[in-house]
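>>> From the sequence below, what's the structure:
(one chain, ligands or ions: 1)
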Amino acid sequence: MPRKLSINTFKQFRDVVYSFRFSRIIFTALDLDLFNAMGARTWTIAQLSKRIHTSQRGLDILCRNLASSGLLVKVQVGYEISPFAKAYLQKSSKNFRGDYLTLMQRQWQEWSRLTEVVTSGIPVDGQEPETPEYRRSFSRAMHHRSQEPAQQVAKQISMKSSRSFLDLGGGPGTYALAFIQHNPKLQATVMDRPAALEVARTLAKKSSAESRLSFQSANFIDDNIPGKYDIVWYSNVLHIYSPSENLRVFKKIKRALKPGGRLLIQDTFLQDVQGLRPLESNLFAVTMLLYTETGNTYSLPAVRSWLHKAGLSRTRLIRLKEGTGDWEGQILEARLPVSS
Ligand SMILES: C[S@@+](CC[C@H](N)C(=O)[O-])C[C@H]1O[C@@H](n2cnc3c(N)ncnc32)[C@H](O)[C@@H]1O
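Alright, predicted model coming up:
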């Protein structure tokens, strides 16, 4: 995603408006289960159209476009799946991102309701309570999304002198696991809703660090945060809540930190005075409008001011190596004073 977008000509306007076309082409391939159907062999259009029950003309045009974006490879008689699509889009691969793909497919439908949501201010699922199955699938999608950045982030943040770590709203526990893998003396707790913790437990079983991970079911908006920690990791949660809700959570985090303890916040922060950059941060605010009651994206000065109000100080920005972090590779740190 470019950092900024500037539309000054009708051509630029048209290009931006029509950038939905590749998304739609990919979603149609996913809807047709095309990548799984292709397996490892070469297909003519006639063979593949029979297999996935499409018209030959429709599939010919779809495959040409998938090949032009590199998801398929054009060979003399037809098409094969590309190495990337084989690794990430086929069920048989260990890197298959299935739940994340499902989440993206659902978002196509839900983003189409944006006008309705902007008008009403009510998220797409309104007052409907979320189901445990939705939460499990969402948590698996979060793992698919975070597994690579989590390893990169864990390598770059020193936790050598810390022993206890809380992954608050940790979902699948991908970050907690990455941090304990890189810090052999660290014990971590993932705090989240029960259905998210089911996914976290299943994923932890595959790790040799499993014995240093524990799980705490809690709603940190309604309940207090039990325990005392050297580090609280608040990743991709800030944007779900309003400024006042985040302030309340920061006050609870303060009580859950040991003297000198650190709160680390990972999110997409707005970085210019007008709050227009980066583009991703503003686009993500739209996602929060669609799916949450009060969520948004925030500027670093705003978040710093809530931290100070909550009694946390010495805020500093940890910059990760370019392209290695989640979002723009910035993590905001704040400390509980030693004497508090
Ligand atoms: C977007 S996910 C982020 C997961 C993980 N921290 C990451 O960075 O990949 C947000 C997580 O916060 C959890 N969460 C949000 N509000 C919560 C609350 N009030 N109590 C417990 N968990 C909450 C959600 O269930 C979800 O797992």
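>>> CA only for contacts and neighbour counts going forward, please
Fine.
>>> the domain parsing of the protein - what is it?
Annotated domains of the chain cover 10-88, 145-335 [automatic domain parsing].
>>> The ones you listed: which one's closest to the ligand?
domain 145-335 (3.3 Å; Cα to the nearest ligand atom).
>>> Now do that closest one: distance to the chain's middle.
In this view, domain 145-335 has its centroid 12 Å away from the chain centroid, taken as Cα atoms, centre = their mean, to the nearest Å.
>>> The longest strand along the chain and the ligand in contact?
In the chain, assigned by DSSP state E, the strand with the most residues is strand 257-266. No: Strand 257-266 lies apart from the ligand when judged by Cα under 6 Å from any ligand atom; the minimum separation is 7.4 Å.
>>> That strand pairs with which strands?
strand 229-235 (parallel), strand 330-335 (antiparallel) (DSSP bridges).
>>> For the helix or strand following that strand, buried residues please.
Following strand 257-266 in sequence order, the next helix or strand is helix 279-291 (DSSP states H and E). Buried residues in helix 279-291, counted by 16 or more other Cα atoms under 10 Å: 280-282, 284-291.
>>> any idea how far residue 109 is from the ligand?
19 Å (Cα to the nearest ligand atom, to the nearest Å).
>>> list the contacts for residue 32?
By Cα atoms under 8 Å, 6 or more residues apart in numbering, the residues touching residue 32 are residue 52.
>>> per-residue confidence for it?
On the pLDDT scale, residue 32 is placed at 98.
>>> One more: residue 294?
97.
>>> Then residue 276?
In this model, residue 276 carries a pLDDT of 86.
>>> What number of residues are in the vicinity of it?
15 (other Cα atoms under 10 Å).
>>> That one against residue 282, yeah?
Yes: Residue 276 is within contact range of residue 282, at 6.8 Å (criterion: Cα atoms under 8 Å).
>>> Residues in contact with both of the two, list them for me.
residue 270.
>>> Please point out which parts of the helix or strand hosting residue 202 sit buried.
Following DSSP H and E, one finds residue 202 within helix 194-204. Neighbour-count burial for helix 194-204, counted by 16+ other Cα under 10 Å, picks out 194-201, 203-204.
>>> So which of those reach the ligand?
Filtering these for proximity to the ligand by Cα under 6 Å from any ligand atom leaves residue 196.
>>> Go through the buried residues of helix 194-204 and name the one nearest residue 162.
residue 204 (20.7 Å; Cα to Cα).
>>> ok, and the closest non-adjacent residue to the closest one?
Distances taken as Cα to Cα, 6 or more residues apart in numbering put residue 210 closest to residue 204, at 5.3 Å, once the chain neighbours are dropped.
>>> Dihedrals phi and psi, the one you found?
Torsion angles at residue 210 (phi, psi; degrees, to the nearest 10) stand at phi -50, psi -40.
>>> ok, the buried residues of helix 194-204 vs residue 134, which is closest?
For the buried residues of helix 194-204, the nearest to residue 134 is residue 195 (8.7 Å; Cα to Cα).
>>> neighbours of the closest residue to residue 256 other than its chain neighbours, just the number please.
Leaving aside its sequence neighbours, residue 256 sits nearest to residue 228 (Cα to Cα, 6+ apart; 4.7 Å). Using other Cα under 10 Å, the number of residues around residue 228 comes to 18.
>>> All the strands of this structure, residue numbers only.
Using DSSP E, the strands of the chain run over residues 72-75, 78-81, 164-168, 187-192, 213-217, 229-235, 257-266, 313-319, 330-335.
>>> Switch these over to a markdown table; also include mean neighbour count and mean pLDDT.
A markdown table is the format used below for these (neighbours: other Cα atoms under 10 Å; pLDDT from 0 to 100):
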| stretch | mean neighbour count | mean pLDDT |
| --- | --- | --- |
| strand 72-75 | 18 | 98 |
| strand 78-81 | 22 | 98 |
| strand 164-168 | 25 | 98 |
| strand 187-192 | 25 | 98 |
| strand 213-217 | 18 | 98 |
| strand 229-235 | 22 | 98 |
| strand 257-266 | 22 | 98 |
| strand 313-319 | 15 | 96 |
| strand 330-335 | 22 | 96 |
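>>> Please tabulate those in CSV, including the columns distance to residue 147.
Output for those, formatted as CSV (distance: least, Cα to Cα, whole Å):
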stretch, distance to residue 147
strand 72-75, 25
strand 78-81, 24
strand 164-168, 15
strand 187-192, 16
strand 213-217, 17
strand 229-235, 13
strand 257-266, 15
strand 313-319, 19
strand 330-335, 17
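>>> So which of those strands is nearest residue 44?
Comparing the strands of the chain by Cα to Cα, strand 78-81 comes nearest, at 4.4 Å.
>>> Next, the contact list for residue 110, please.
Residue 110 neighbours (Cα under 8 Å, 6+ apart): 124, 290.
>>> got it, and residue 298?
With Cα under 8 Å, 6+ apart, residue 298 has these contacts: 239, 268-270.
>>> repeat for residue 89
Residue 89 neighbours (Cα under 8 Å, 6+ apart): 35-36, 96-98.
>>> Then residue 173?
Per Cα under 8 Å, 6+ apart, neighbours of residue 173: 143, 167, 190, 197, 200, 203-204.
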